[in-house]
Every structure is written in C-alpha cells, then in structure tokens.
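Chemist: Here is my input; please provide its structure:
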Amino acid sequence: MTRYVQAMPDLPDVYADDPVLRSWLARLLGPDGFAAAEGPLKALAAEVMGPLRAAHADAEAHPPVLHRYDGWGARVDRVETSPGWERLRAAAAEHALVALPYLPEARARYGERARVVQHALLHLYGPESATFTCPVAMADGAAALLSRPDVDGEVRDAWLPRLLSTDPAVAITSGQWMTESQGGSDVGRATTIAQPAGDGSWRIQGEKWFCSAIDSAMAVALVRPDPNVPGSKGLAPFLIPRYAADSPLAQGLPPRASAPGIIVHRLKDKLGTRAVPTAEVGLRDAWAVPVGDPTTNGLPRMMTLVVVTRLHNAAAAAAGMRRGLAYATVYARARSVAGGRLVDNPLHRSTLSTLAVDAQAAFALAVHAFALLGRVEVAGDAEAERELRLVAPIAKLTTGKLAVAAASEYLECFGGAGYVEDTGLPRLLRDAQVLPIWEGTTNVLAVDVIRALARDPGLAQVFLSRLDEATVAASSLLIGGAVDGLRAARFALGEALAAAAATPTDERVVAGARQMALTMGYGLALALLVEHAAATGDEATKVAAELWGRSRLAADDIAHDAHTVFDVLCP
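Modeler: The predicted structure follows:
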C-alpha cells in the first residue's frame with residue numbers, strides 16, 4: 001500500500017503576490033517613490049524565498065549557547081550563535097533594514113516616506129528571520145536616540161555610523177537593557193546605578209533581568225545616576241559596550257571577550273523567539289557613557305528608543321499575520337478533503353477571509369505608525385508627533401493581540417501538522433505570543449494611552465474627528481458595515497475618552513483602559529482602511545472595511561459574506 005504524503009506547497013512570491021503591501025505602497029509613495037522602492041523590495045524578496053529562509057531554519061534549529069569559561073578557566077561569557085543567525089545579521093545590514101530612513105540618499109528619494117519603505121522591507125524580512133527583527137528594532141531605536149541633538153557629539157560619532165552601516169563587516173546592533181526583576185514594566189523601581197568616573201565616563205552597578213540580543217555590540221541601559229532621586233524621574237539612558245574591543249577598561253583582552261564588568265548569568269529559556277539570545281546580566285563597574293544629560297529628562301529621552309521599538313513590534317505582528325495567511329491559503333488550495341479542495345469549503349473560505357481582514361487591519365495600523373514617524377523625523381511635523389503619542393501604543397497593543405489570535409487560527413488550518421514542531425508551524429504561535437509582551441504588555445500600553453489623553457486632552461477630539469471624517473467617506477463609498485462600525489466606535493469612545501482625559505486615575509477609567517484602547521485600535525484601523533479605499537478605489541480594501549467594521553465594532557455575524565468574498569480577499 002502506498003503511503004500518502006501531503007506536500008507543503010511552495011509559498012508565493014512574498015512581494016509580487018502581496019496585493020495589500022503593493023496597494024499601500026503605490027498610494028503612500030506615489031509613482032516615482034513606488035518605482036524607486038520596487039528594486040530593493042524585489043531583491044530582498046528573492047533572498048527571503050531562498051537563502052534567508054534557509055538561514056532562518058538553521059537559526060531556529062541551532063539556538064544560541066552561552067560559554068561562560070574558556071578552556072583555561074577564564075570567564076569569557078561568549079554567546080555562540082549559528083551560521084544562519086549570522087547570515088540574517090548580514091542581510092539586515094545589506095538591505096539597510098536599520099539604516100534606510102537615516103540615509104541622506106533615501107531621504108532625498110523618499111522624503112518623509114522613507115519610514116514607509118523601511119516598513120515594507122521589515123514586512124518582507126521579518127516573518128522568517130528567526131526574529132532577527134528584535135535586534136534590528138533595538139538598533140533602530142538606539143540610532144533614533146543617538147540622532148537626537150541633545151546627545152554628545154563624540155558619543156554619536158563613535159556609535160551611530162556603525163549602527164547605520166550597510167557593510168556587514170562594520171554594522172552592529174544594539175541591546176535594550178531596561179527591566180529588572182523587582183520592577184519589570186515598573187521601571188521606576190530600578191536599582192541599577194551609575195557613578196561618574198571623573199573622565200566623562202561612568203561605572204555601572206546592578207542587575208538587568210531581560211536583555212535581548214545579548215550578542216549585540218552595545219546596549220542602551222536605563223540607569224539611575226543619582227541614587228537619591230527616586231522613581232522614574234531619576235532614570236537616564238547610558239550606552240554600555242558589550243565587548244572588550246570597545247571598552248577602555250579591557251586592556252589586554254581579546255576583542256570579542258566580554259567587556260570588563262559585564263557578567264552574563266544565563267540565557268533565557270523562552271516559549272518562543274528561541275534563536276534570539278536573551279540574557280540576565282550583572283553589571284560590576286561596567287564602563288558606560290550617558291546618552292544625553294544624565295541629570296534631566298532621562299526617561300522621556302529613552303522613550304525616543306521605545307517608541308521606535310514599539311512600532312517595530314507592530315510591524316512584526318502585521319507581517320507575521322500576512323505570511324501566515326499566505327501559508328494557510330496555498331495549503332488550502334492544495335489540500336483535498338471530503339471529496340474536494342479545502343479552499344472550496346464555505347466554512348474554510350470564511351475562516352481564511354476573516355483572517356485576511358484582520359491582517360489588512362493590522363497592516364494599516366503598522367504602516368500608518370511608520371508614516372507618522374517619518375513625518376516627525378523628516379518634516380518636523382508637530383501634529384504627527386502629537387498623534388504618534390496615541391498611535392504608537394494603540395498600534396502596538398492592537399496588532400499584538402490580533403497576531404496571537406491569528407497564529408492560533410493558522411495552526412488550526414493545518415490540522416495535526418500545525419502542532420508538529422518539525423513542520424515549523426508551531427513557531428508561528430510561540431513567536432507571536434511575545435508580541436503582546438515585549439515593549440509593554442497590553443495593560444501597560446493601555447495605561448500609556450490614558451496618560452497621553454490626560455497630558456493632551458485635545459487628542460481625544462482629534463481622534464474622534466478622524467472617525468467622523470471616515471464615517472462620511474464610508475457613507476459616500478456605500479460601505480455600510482464601515483459606517484455602522486465607525487458609529488459604534490464613536491458611541492463607545494465618546495464618554496470614555498473624555499473621562500480618561502479628565503480623571504485618568506479614576507478606578508472606572510483604569511479598569512476599562514484595555515477595552516477602551518482596543519476599541520480605539522479597531523476604530524483607527526477601520527478609519528485607515530476607509531481612507532485607503534477612498535484614495536485608491538481598491539475593492540479588497542472596501543470589502544475589508546465592510547467586514548472589519550461589522551465584526552469588530554458592530555458585533556455582526558460576517559461568516560457567510562466572508563465566504564462569498566474569499567476570492568477578493570485571498571486572490
């Protein structure tokens with residue numbers, strides 16, 4: 001008897017066969033910008049579908065290993081990573097995943113939309129990068145921080161060119177050492193201290209509990225320069241070299257030895273993101289320099305980095321949802337069940353269509369956030385900066401929750417194969433679960449939304465006005481489900497936003513912060529979909545706006561309609 005084997009179908013071209021990505025790029029970049037971006041995007045897509053997919057598999061199969069001592073008993077704290085991880089590192093530099101929005105030629109070519117092109121690159125690279133997007137995100141955040149005018153020029157000149165290099169032999173990534181075991185997201189409880197050394201440098205003492213990408217050449221750590229100033233107001237960012245090559249204290253040590261004063265206690269054994277070397281670190285008189293004035297505005301300065309990494313988190317969530325959809329769709333076209341193809345089953349078509357709508361909404365939030373950041377950085381747009389204070393936490397928390405739910409559904413789409421590790425599919429769920437946790441949990445970010453509204457009460461009306469304008473546009477386009485959804489969001493948020501702005505510590509406001517923030521995320525995603533549909537006439541976006549508004553905000557059953565529009569949403 002012949003044994004049947006269901007082959008995994010080949011994945012379509014991750015760029016050419018992604019109509020959502022191409023539609024948004026065509027609109028946001030304009031004809032000239034879109035034409036200029038296609039070459040770099042096609043080049044990266046070709047690598048993603050070939051050598052980088054193989055590198056991803058190698059990095060996942062060979063997670064990092066910590067070697068605390070060398071053969072002679074000397075403490076070295078060397079982290080061994082796989083060839084696949086190193087190939088992904090090189091590709092990130094070669095394709096300018098960090099550098100692009102900072103490069104003068106890219107800003108000249110794309111203007112304030114350079115961040116949109118960066119987002120597209122991340123969208124292609126991220127889902128099968130063994131989460132190398134983590135060090136990419138932190139390197140980008142560090143670059144944004146070092147680019148601030150209030151940072152010492154010598155510190156900037158020593159490190160920023162390396163972060164922005166497109167030469168793999170020169171380019172570095174950065175870590176982000178914020179949390180400590182006693183505080184977690186409550187960074188105000190940090191006890192790591194910095195003491196001036198008298199020559200402009202400082203010495204760091206303390207413990208950092210969750211240090212991702214510990215193989216990076218540098219880290220930005222949140223440290224307390226004056227132990228007498230309690231809470232978050234007493235914190236400031238410091239740059240700490242990871243290796244002996246960059247530490248003035250490391251006389252006589254090999255360049256790749258751990259810098260004096262940095263002790264890697266252990267690597268984390270995590271649910272997912274297993275290829276990312278994440279450590280617990282002890283600091284014992286480690287050499288460091290402040291990033292900006294350590295006596296004032298330290299935490300707000302650090303938020304420059306955090307906003308960037310939150311946007312990368314949203315990009316990773318949206319990209320993973322889109323890639324999972326692509327895998328599930330090609331499998332459905334190949335798999336036969338109950339006498340026919342799975343793709344012809346109305347129930348499965350409805351499931352995939354609903355997932356496609358969710359992926360479109362997540363993409364809209366992520367690309368909008370990157371577009372806002374570009375307007376801030378290149379054009380100095382004050383209104384974009386103001387809006388970003390709300391959009392960054394909203395986009396991150398909403399896409400994070402969507403990504404976990406979607407990943408679970410994708411595994412179901414493959415049946416038992418979705419639960420077998422050597423298919424590679426369970427990683428989709430394991431890795432997605434970090435997205436609502438890294439860079440602030442859903443609840444932490446929801447409270448950040450309240451803070452933003454309380455600090456700038458006018459933001460509430462700005463947000464509601466966007467919903468109102470989108471309602472008018474949706475009505476003109478005859479997208480009834482979007483109209484219903486936007487009106488439902490407007491009704492739900494009117495009093496909630498006003499209360500959050502006026503009484504942010506009220507227990508009702510705090511208890512309802514998560515639901516309010518998610519409703520804002522659903523409403524903003526819907527408004528963005530309507531805006532895109534109005535600007536482009538794209539039929540798939542109109543359909544997505546219709547179904548998203550009905551399902552997420554108007555509590556309507558969309559199952560049958562999702563089945564009937566499958567070919568529009570999943571061509």
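Chemist: contacts for stretch 555-571?
Modeler: 19, 325, 329, 343, 346-347, 349-354, 356-357, 360, 481, 484, 488, 539-540, 543-544, 546-547, 550-551 (C-beta atoms under 8 Å, 6 or more residues apart in numbering). Quick note: C-beta positions are derived from backbone N, CA and C, even for glycine.
Chemist: In ChimeraX, select just the buried ones from the residues you listed.
Modeler: Filtering those down to the buried ones (16 or more other C-beta atoms under 10 Å) takes a single ChimeraX command:
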select :325,329,343,349,350,351,352,353,354,356,357,360,481,484,488,540,543,544,546,547,550,551
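Chemist: Neighbours of residue 108, how many?
Modeler: Counted with other C-beta atoms under 10 Å, the neighbours of residue 108 add up to 9.
Chemist: elements contacting the lengthiest helix in the chain?
Modeler: Ranked by number of residues, the top helix in the chain under DSSP state H is helix 298-334. With contacts defined as 3 or more C-beta pairs under 8 Å, 6 or more residues apart in numbering; DSSP states H and E, the packing partners of helix 298-334 are helix 114-125, helix 133-146, strand 218-223, strand 236-241, strand 340-341, helix 346-379, helix 382-413, helix 426-432.
Chemist: Show the average pLDDT along the last one.
Modeler: This means helix 426-432. Averaging pLDDT along helix 426-432 yields 96.
Chemist: what does that helix contact?
Modeler: 60, 131, 271-274, 317, 320, 324, 403-404, 406-408, 410-411, 418-420.
Chemist: buried subset of those residues?
Modeler: Looks like the contacts of helix 426-432 have 60, 131, 272-274, 317, 320, 324, 403-404, 406-407, 410-411, 418 buried, using 16+ other C-beta under 10 Å.
Chemist: show me what contacts residue 60?
Modeler: Residue 60 touches 84, 130, 274-275, 424, 427, counting by C-beta under 8 Å, 6+ apart.
Chemist: Now do the SS call for it.
Modeler: helix (DSSP: H, G, I helix; E, B strand; the rest coil).
Chemist: And it, how far from residue 154?
Modeler: 40 Å (C-beta to C-beta, to the nearest Å).
Chemist: Equivalent analysis for residue 58, please.
Modeler: In terms of C-beta to C-beta, residue 58 sits 39 Å off from residue 154.
Chemist: cool, and residue 299?
Modeler: From residue 299 to residue 154 the distance is 23 Å (C-beta to C-beta).
Chemist: Residue 58 and residue 154: which is more packed in?
Modeler: residue 58 (18 against 10).
Chemist: Chain neighbours aside, what residue packs nearest to that one?
Modeler: Closest residue in space to residue 58, ignoring its immediate chain neighbours: residue 84 at 2.9 Å, by C-beta to C-beta, 6 or more residues apart in numbering.
Chemist: didn't that neighbour look like it was pressed against residue 53?
Modeler: No: between residue 84 and residue 53 there is no contact under C-beta atoms under 8 Å: 10.0 Å.
Chemist: Comparing those two, which residue is more hemmed in?
Modeler: residue 84 (24 against 17).
Chemist: okay, whichever strand or helix holds the more buried one in CSV with CA atoms only?
Modeler: Counting by DSSP states H and E, the element that carries residue 84 is helix 83-94. Below are the C-alpha coordinates for helix 83-94, written out as CSV (Å, rounded to 0.1, in the frame of the first residue of the first chain):
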residue,chain,number,x,y,z
PRO,A,83,25.7,30.5,10.9
GLY,A,84,22.1,31.1,10.0
TRP,A,85,21.8,33.8,12.6
GLU,A,86,24.9,35.5,11.3
ARG,A,87,23.6,35.3,7.7
LEU,A,88,20.4,37.0,8.9
ARG,A,89,22.6,39.7,10.6
ALA,A,90,24.5,40.3,7.4
ALA,A,91,21.3,40.5,5.3
ALA,A,92,19.8,43.1,7.7
ALA,A,93,22.8,45.3,7.1
GLU,A,94,23.0,44.7,3.3
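Chemist: Flag every buried residue along that helix.
Modeler: Buried, per 16+ other C-beta under 10 Å, within helix 83-94: 84-89, 91-93.
Chemist: Looking at those, spot the one nearest residue 531.
Modeler: residue 92 (31.4 Å; C-beta to C-beta).
Chemist: now the helices and strands packed on helix 298-334 in JSON lines, with distance to residue 69?
Modeler: Compiled in JSON lines, the helices and strands packed on helix 298-334 are given as follows (distance: least, C-beta to C-beta, whole Å):
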{"stretch": "helix 114-125", "distance to residue 69": "36"}
{"stretch": "helix 133-146", "distance to residue 69": "25"}
{"stretch": "strand 218-223", "distance to residue 69": "22"}
{"stretch": "strand 236-241", "distance to residue 69": "21"}
{"stretch": "strand 340-341", "distance to residue 69": "57"}
{"stretch": "helix 346-379", "distance to residue 69": "43"}
{"stretch": "helix 382-413", "distance to residue 69": "39"}
{"stretch": "helix 426-432", "distance to residue 69": "31"}
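Chemist: Any idea which of the ones you listed gets closest to residue 305?
Modeler: Per C-beta to C-beta, nearest to residue 305 of the helices and strands packed on helix 298-334: helix 133-146, 3.6 Å.
Chemist: Which secondary structure elements does that closest one sit against?
Modeler: Using 3+ C-beta pairs under 8 Å, 6+ apart as the test, helix 133-146 ends up in contact with helix 83-94, helix 114-125, helix 153-163, strand 174-177, strand 218-223, helix 298-334.
Chemist: what about residue 487, neighbour count?
Modeler: 17.
Chemist: Distance-wise, check it relative to residue 213.
Modeler: Counting by C-beta to C-beta - residue 487 and residue 213 are separated by 45 Å.
Chemist: Pairing partners for the lengthiest strand in the chain, with directions?
Modeler: Counting residues, the longest strand found in the chain (DSSP state E) is strand 279-290. Take DSSP bridges as the rule and strand 279-290 pairs in its sheet with strand 202-211 (antiparallel), strand 236-241 (antiparallel), strand 262-267 (antiparallel).
Chemist: what about the longest one, distance to the chain center?
Modeler: Which is strand 202-211. 25 Å (C-alpha atoms, centre = their mean, to the nearest Å).
Chemist: what does stretch 449-460 give?
Modeler: The answer for stretch 449-460 is 23 Å, by C-alpha atoms, centre = their mean.
Chemist: Report the buried residues of the host helix or strand of residue 21.
Modeler: Assigned by DSSP H and E, residue 21 belongs to helix 19-48. By neighbour count on 16+ other C-beta under 10 Å, the buried set for helix 19-48 is 20-29, 33-34, 37-38, 40-41, 44-45, 47-48.
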